[in-house]
Structures are given as C-alpha cells and as structure tokens.
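Participant: Quick check, what structure comes out for this input:
(chains A and B)
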2 protein chains.
Amino acid sequence: MFEYDPFASSEMRFFAARRRFLEGADTPAAYLDRCLRRIEECEPRIRAWVTLDLAQAREAAAASLQRYREGRTLSAIDGMPIGIKDLIDTCDMPTEMGCVAYAGHVPEHDAPAVWALRQAGAIILGKTVTAELGMNEPGPTVNPFNALHTPGGSSSGSAAAVGARMVPAALGTQVGGSIIRPSSYCANYALKPTLGALNRGPGLGLSQEVHGVHAGCPEDMWQVAAEIASRVGGDPGFPGLYGPLAPPSPRKPGRLIVMETPAWQRLDLGSKAAFEGFLRQCIGQGIEVLRRSDSELVESFEQAVKDMKVITDDINSYELFLALRIRHGGHPGKFSARLMNRMKKADAVTHDRYRLRLQQREDARRRFVGLAPLADAVITLSSLGPAPVWRRDRKDDASDPTPTGDSSFNVQASALGVPAVTIPMLAVGGLPLGIQLMGQSHEDARICSFASWISHHLRPVVVD
Amino acid sequence: MFEYDPFASSEMRFFAARRRFLEGADTPAAYLDRCLRRIEECEPRIRAWVTLDLAQAREAAAASLQRYREGRTLSAIDGMPIGIKDLIDTCDMPTEMGCVAYAGHVPEHDAPAVWALRQAGAIILGKTVTAELGMNEPGPTVNPFNALHTPGGSSSGSAAAVGARMVPAALGTQVGGSIIRPSSYCANYALKPTLGALNRGPGLGLSQEVHGVHAGCPEDMWQVAAEIASRVGGDPGFPGLYGPLAPPSPRKPGRLIVMETPAWQRLDLGSKAAFEGFLRQCIGQGIEVLRRSDSELVESFEQAVKDMKVITDDINSYELFLALRIRHGGHPGKFSARLMNRMKKADAVTHDRYRLRLQQREDARRRFVGLAPLADAVITLSSLGPAPVWRRDRKDDASDPTPTGDSSFNVQASALGVPAVTIPMLAVGGLPLGIQLMGQSHEDARICSFASWISHHLRPVVVD
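Facilitator: Modelled structure (predicted):
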C-alpha cells in the first residue's frame, strides 16, 4: 500500500503527457507501459479490475501513436488508457455488474460513453470492479491507502485504480453516492454530472443514474466528460453536458453555501476539524461562506433535504427491484444476501409510496433552485469521514448493510440531479477525504472551474 | 377484405367473453380458437403478424381455463389473446423491429409490459408487424378494409390485427403518431398514455416513446393498460398510469376544445364534413365546443403547436440516429433507403438544434397546461383523413417519405407527452377515421371515460 500524501502531485496527468506526445518527447505506448507497470505492481493487492485486455490496449496505443505521428489525432484524449466500471456495457469485454446473474455476460453493444471514448481514440484498458448491480455488496477491491479499509462503492475499482495511479481516468456511475464517495475515499477528482448530461444508454435504467468521470486531476476529469458529451450528447430528452470542450479555466468562487446534512451529528471530530480548517482557508482567501445559521433560506434547504436518504433509497430500490423482477423473477441464489435483504425492504415501496417519493424529490429540487441567487456553489464533504474499515463478512453474515460506506453526503446531489465534483483536499488519520462542490443543474463547467481553482490555489488540510 | 361497417359491434370484446368464462358458458380455449380461425381466414391477405406461436398460445389458454375452473384467475385479462408490436422485446420470440439489422434477434428479457401481461395470465399470441424501427419504412401489412391502402404505421400489424378482429387487443408504441394514426385507419380504439405512464424498459429509448394499447372496445383498451401499470408501473422517474383497475365508467364531457393544427388546410372535404357532423352531434347532446375563433387562449395554443411536426421529427431523428450510430455505426445495407434518407437529414440536427427543440417542446407543454381550466378535453381527428393508398415502392424508389400516412394530427400529443385516445366514430369514402381526444398529463382515465361515453351515446358519422 501507499502512504497517502495529499501534497504529492500526480505524475499521471494525461493532459500534461499529451503535450509531450505532440512534441515527440513521450508516446501513448510508453504512457500505457507506465500504467501497466503500475498495475503489475499494485493490482495483486488492490484488485481494482475485473477484466484487463492488454493485447487490445497495446494495439490501440500503437494506433494512437501512429495518429500522433501523422498529426491526425482524434481528440484531446487520444491515447488515454481508461478504465470502465463493470456496470457499463462493453461489447468486447464481459459486463458482469458484480453480480452472479451476469457472470460472463457480454452485451451486444457498447454503452454510448464507451463508444464515444473509442471514437475519441481513448484506450479501453479494462473493466473495473463494481459493487453488485451498483448497490452495496462489495467486490474484492481494497482501499489503495490501507487494505483494511473499503475503497468505497459502487464504483470501487474505478476509484481505486485512479487513486493508485494505475490509469489517469476511469468511468463510474452514481445513483446514490457511487462516484463521489469512493472518489473521496481514494483521493480522486471526480465529476458526477447533471442528471442526463452524459448519454448512458439502456443499462439498468434507474431514474437517478448518471455516468461520471474519476481522474487524477481536474483537467483530465473535464476532458473525458466533454469528449463523451460532444459525441453522444445526453440521455434522450435531456440537453446534455453544457460547457467548453477544453477544461474550464480556474475560477475563484465568490461565495459558498455550506451544506451540513443531518449526518453532521455523526461526523468524526477529525473530519469536522479538517473541513473547518479548509473553510477558514477559503475565508482567508476572501471567499464568503454562508451557513445555515446565517440564512433562513439555507436552513430551509437543509430541512428540505433532511430525509433525502430515505427518499433516494426508496426510489432506487423500487426501480432496481422492479427491473430485476422483470429480468430474473425471484432467482434466489443469483443475488447476494445483502441485496436480497434490501429487496425485501423494497417490497414495501408501493406504487403510491414511489409516487410520493418522486414528489418529495421534486419539492427538494425546487428548493435547491432557490439557493442559486445566494452563492456560486454549495460546499460540503464528499463522504461521512474517510473510508471506514471493512473486514469482510464472516460466512453468511450480511449484517452490515453498507460496507462500502455511508451515502449521507451524496444522496442530495443524486436526488437533486445536480452536478457534484469532489476534490482531494483533506487527509484525516492518514486517509484521504474529499471536498464536494455542488452546482445548479447544467453548471457542471462552472463547478469544475471552481474545483480547478481550489486545487491550484488552496493547500490540503491534514488532521491526524 | 371486409366492408367497413362503423355500426357493427365487435363480437371480440374480451370483457364480455370473460363474463361467460366465469359462468362456464365459454372458455379461453374456445375464444382463442375463434381468434385463430379469424387469423387463418384473414392473415394471408392482411399480413399483420411477423411471428405467431400457436402451440404456446394453446398451452397458455389451457392453463387459463384451468385457472377459471379453479376460481384462481390472475386478472381481468386472464386468457386474453394479445398481439405484441415487434418493436417490443419478447424473450421467447424474435424481436426484429422491422429491420434487417435485427433479423432473428431474440432479446434476453421481456419488455416490462410483456412480462406484466404474462403475469396477468394473458396469452402472448405473437408479434405484429412494425414499420422499420418505428419510423416510416412499411412492412407487408395492408389495411383490413382495402388492401390498396396503408394500415398506417408504425404499429401497422397491431392496428390491422385488431381492426380485422383477429385479437381483442394488441400493444403498440408511439413516438410521433404510431399508435393513434394506424388505429384511426383500422377502426381501433387505442390509448397512447401519458409519457412514462407504462414502463417500457430499455428498447430504443426515444424520449417521446410510449407503449400503448389497441383494442376492439374501450373497456378492453383500459383493462390491458391498467393490468400492465399495476404490475410494472411507469418508466423510472415517472409516476405511472393513474386510474382505477377496472375500466372507468362512461362520462359525458361538458366542454371540448377543437384543435385544428396547420394540417386543417390540407384535410379532404369528406373528413372535414364528417368531423363537423360529429361536432354538431356533440352540441346536440349539450356538449359545449370551443374553437380557435372563440378564444384567444385556444388560438394561442394552435400557434404554439404549429411547428410541432418539425420539432418532433428533429427530436426523434436525433435520438434514433444517435442510438443507431452507437449500435451499428453506418451499416449501409442494413437499413432501408427511406431510413438512410431520413438519417441524412438527421445529421443536420446538431446538439444545439436538439436543445432548442427540447426547449420548444417544453414551451408547448406549458401552453397546453394553460388550456386545462377551459374544457374537459381537446378533440380533433386521429389522422389527416382516412388511410391513403400505398402502392408499394417500385424498385429502389423511396421517394415517398411517409407511406404509412401523415402524422400531422398525432405529433401534438406525442410531443406534449399527454394522453390521447382514438375512437372509431367516422367513415369517409368507405374507410374508417378516428376521433381523437387529448387530456392533460395523467388524465388517461378521464379521457377514457369520455371515450366510453362517446362510443355508447353517439352515432358514427358516415360520409361517402
């Protein structure tokens, strides 16, 4: 394992390497080799990958090199090795979704994002571990900074692979907290875009699901999202990702609203101290910080999202378990005990309860829009503290319902459908912890420009 | 072929047969036999079916009969033979979507609606012809009332099978006019529900697509929709079909708004006369009729939907052709010349043009909501006159872009996402023509209760 050093800058930044490709000082093949060496070194311990296709990757790197030589590259991510969460369809590698029912399953078509990445000349290096069907049953991946701790989930493998610098970027998906939380635990930058901003194709079809990007730096994070969107747009009926094709320039936020959530009460003292330290640094830089005690509107928003975890859980469970019943009937034995436990609870979510949850979600969305005039963005933690210890179930013991961590700081952006970005700015007890910015719908580029400014101008805060 | 007799009442009403099943005076097996005899008689000319699974149907009818005998039927449509548009996935029959690229394609899972019908004890008799990928390239089906005329499309086979009384009901899909128009041409009752009201599963994923029901009477139409919704709800993120499980009681509308659309100018005199005759009958029954000349709000709505055909065409083309590029790349040879022509036009729909169309669609939706306080429903024709002649292409001639008819009276409900029902109340030149009612979102049951009242209390209008 590595020590987590929040001050170390990544040698894996693809946008920097690409400049050297263009100058002839480096090549996509050499870059890929560095990734493969890192994988060879770390993967036996970290177990971030379900599938690796080295032969195809080497071929793609050679083709990319040829394009660089001939000055006809396909995009700014031509030659970028990338990992794809195994919940996202690939037509040339199995897509097992962390679920026995999909063992060996090879979809007929690529998901739109994967198709777009290939069109852009990126190298689809392999599939990364996902918790079962994007829910709570973990795969084998461990946290790159301490093997006793979870990497988070459900985008466990993508977060761990990026955190361990095996790849510069990876795709993830989020319906509750599946991109932002593991990225927080694994020191990734990550973007969970506005609902519908990246065309996700059929998949499991949950109403809160979005595809997003894990990366080692804000520039690569944006570039991957923008290259996908420019080729396949958003979900049908949605306007797709707004913003420039190149990474948005760093921009200092003028005012930030702090979102505490009801989980504030349960937050460990170290994480609280780190977050408050970070806010003091913001204030020191002339950024105004607005808290619930400063404004009735902020307090009222906190009230409006206080039940968001129950709302999100009910919505996701209803949708997933309906989809599973239609696809598989009951199928005992093909789902984990943890998933079956959750399915039992989901049975209580009637059509009318689901309708109520949708209305409550809609109410909260309207309330969030009301915050827009007050500040540039909302700031909060990306997870309820750093990655918790996960010692694996003993045989048939599925008593811990959320071994990949708590989504209390993630369900808001998921349910509101708004963009969220996490920035690895805190270290607590030797483990990473992310700072999360949330924007209004379609402000993806705006919060990414703030994230970029923060990463370049503020210093990580370390609490032992 | 049959003469079209708008006064003949259907002997195929399933809800009436079911009463006899319960009394022991008829059986699902005998009912199925009557359907099969009708199919044997008509199908060689009409060609409504792509696949028929008689063995499985007979087995399902026997199982249903057993349930009736034992008093443990699964639903009010237990034992109903039903046709499924071949654009809708079935795991035990090919789903070819009228497209060479999907020849022999058997999906892994049933679409939610099909799964729900099986759970309800309905008999999945087979797959019905669809125009290619739900667009304009027709299949072999002819109009049951005159083989020189189109049955309409894209739900050609479902409309023709119900019109010829081969089955009491069939599923269709609509993104532009694919349920209501063929139903108008083939004298079906049909419901295109509120957007998202019936869970449609992955499919091609177009933003305006809905599943709907073709039937021989309003009772069967509602019952099929309600049995599906009660089992699988709506699309993820949508509240699903509202309304009772049993067919809503007939209810007389108090006031109707006439929607003319810009196509009014192109409407033949016979259809106009029939529609005006029908309106006079409504007025004679004490129903108020509000027209664009009576109200600035109605006129303003007509203005708001006047470009709806272009808007709908751009939205559907952009979404479909993006999906096809991702699935198939260019694939020349696997799509018809007519589809390739349309694909060329779709290339001009940029991401920004698509965003604009979505905004225009949203504007029109808001304008339609503004009509709610003025009347109980909107009334218009279900198609631009009765079914036109379709003489088949000569070799390689795809010059007629819409051989299954004109969607000028259908794109409004499709784009607005509101429920529409068609009622076979007119006969023009010996062919059927439907009356269409449109309601506000989620008023599906309400417009069905009006449709039921109209079908029971008003007389068809015949114009030679």
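
Participant: Could you pull up the residues touching the nearest residue to A:Lys345 once chain neighbours are set aside?
Facilitator: Spatial nearest neighbour of A:Lys345, excluding adjacent residues (C-beta to C-beta, 6 or more residues apart in numbering or on different chains): A:Ser317 at 6.6 Å. Bear in mind the C-beta positions are built from the backbone N, C-alpha and C, glycine included. If a contact means C-beta atoms under 8 Å, 6 or more residues apart in numbering or on different chains, then A:Ser317 has A:Arg342, A:Met343, A:Lys345, A:Ala346, A:Val349 as its contacts.

Participant: Looking at neighbours, which among those residues is most surrounded?
Facilitator: Highest neighbour count within the contacts of A:Ser317: A:Arg342, with 22 neighbours (other C-beta atoms under 10 Å in any protein chain shown).

Participant: Tell me the spacing between it and A:Leu320.
Facilitator: With distances taken as C-beta to C-beta, to the nearest Å, A:Arg342 is found 9 Å from A:Leu320.

Participant: where do the contact lists of the two overlap?
Facilitator: A:Met135.

Participant: Same list, the contacts of A:Ser317, but as a markdown table with pLDDT and secondary structure please.
Facilitator: Listed next are those as a markdown table, based on pLDDT from 0 to 100; DSSP: H, G, I helix; E, B strand; the rest coil:
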| residue | pLDDT | secondary structure |
| --- | --- | --- |
| A:Arg342 | 86 | helix |
| A:Met343 | 85 | helix |
| A:Lys345 | 84 | helix |
| A:Ala346 | 87 | helix |
| A:Val349 | 95 | coil |
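
Participant: which one of these sits closest to chain B?
Facilitator: When those are compared for distance to chain B (C-beta to the nearest C-beta), A:Val349 wins out at 10.4 Å.

Participant: Nearest spatial neighbour of that closest one, chain-adjacent residues omitted?
Facilitator: A:Tyr318 (4.3 Å).

Participant: Using PDB, write down the CA coordinates of the helix or strand the residue nearest to A:Lys345 falls within.
Facilitator: Per DSSP states H and E: A:Ser317 is located in helix A:308-328. Extracted C-alpha coordinates of helix A:308-328, given in PDB (Å, rounded to 0.1, in the frame of the first residue of the first chain):
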ATOM      1  CA  MET A 308     -33.100  12.600   1.200                       C
ATOM      2  CA  LYS A 309     -31.500   9.400   2.200                       C
ATOM      3  CA  VAL A 310     -34.800   7.600   2.700                       C
ATOM      4  CA  ILE A 311     -36.200   9.200  -0.400                       C
ATOM      5  CA  THR A 312     -33.300   8.100  -2.500                       C
ATOM      6  CA  ASP A 313     -33.200   4.600  -1.000                       C
ATOM      7  CA  ASP A 314     -36.900   4.100  -1.700                       C
ATOM      8  CA  ILE A 315     -36.600   5.400  -5.300                       C
ATOM      9  CA  ASN A 316     -33.500   3.400  -6.200                       C
ATOM     10  CA  SER A 317     -34.800   0.200  -4.500                       C
ATOM     11  CA  TYR A 318     -38.200   0.400  -6.200                       C
ATOM     12  CA  GLU A 319     -36.700   0.900  -9.600                       C
ATOM     13  CA  LEU A 320     -34.000  -1.600  -9.300                       C
ATOM     14  CA  PHE A 321     -36.100  -4.400  -7.900                       C
ATOM     15  CA  LEU A 322     -38.800  -3.900 -10.400                       C
ATOM     16  CA  ALA A 323     -36.200  -4.200 -13.200                       C
ATOM     17  CA  LEU A 324     -34.700  -7.300 -11.500                       C
ATOM     18  CA  ARG A 325     -38.100  -9.000 -11.100                       C
ATOM     19  CA  ILE A 326     -38.900  -8.400 -14.800                       C
ATOM     20  CA  ARG A 327     -35.500  -9.700 -15.800                       C
ATOM     21  CA  HIS A 328     -35.000 -12.500 -13.400                       C
END
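
Participant: how far does the worst-scoring helix or strand of chain A on mean pLDDT sit from the chain's center?
Facilitator: In chain A, no helix or strand scores lower on mean pLDDT, DSSP states H and E than helix A:337-346, which sits at a mean of 88. Remark: helix A:337-346 is offset 24 Å from the chain centroid, using C-alpha atoms, centre = their mean, to the nearest Å.

Participant: Tell me the helices and strands packed up against that helix.
Facilitator: Counting contacts by 3 or more C-beta pairs under 8 Å, 6 or more residues apart in numbering or on different chains; DSSP states H and E, helix A:337-346 packs against helix A:308-328.

Participant: Contact residues of chain A facing chain B?
Facilitator: A:108-110, A:112, A:115, A:199, A:201-203, A:205-208, A:230, A:232-233, A:236-240, A:318-319, A:322-323, A:326-327, A:351, A:354-355, A:358 (C-beta under 8 Å from any C-beta of the partner chain).

Participant: Helices of the stretch 101-250 of chain A, residue ranges please.
Facilitator: Using DSSP state H, counting those that start in this stretch, the helices of the stretch 101-250 of chain A run over residues A:112-119, A:156-163, A:180-185, A:218-232.
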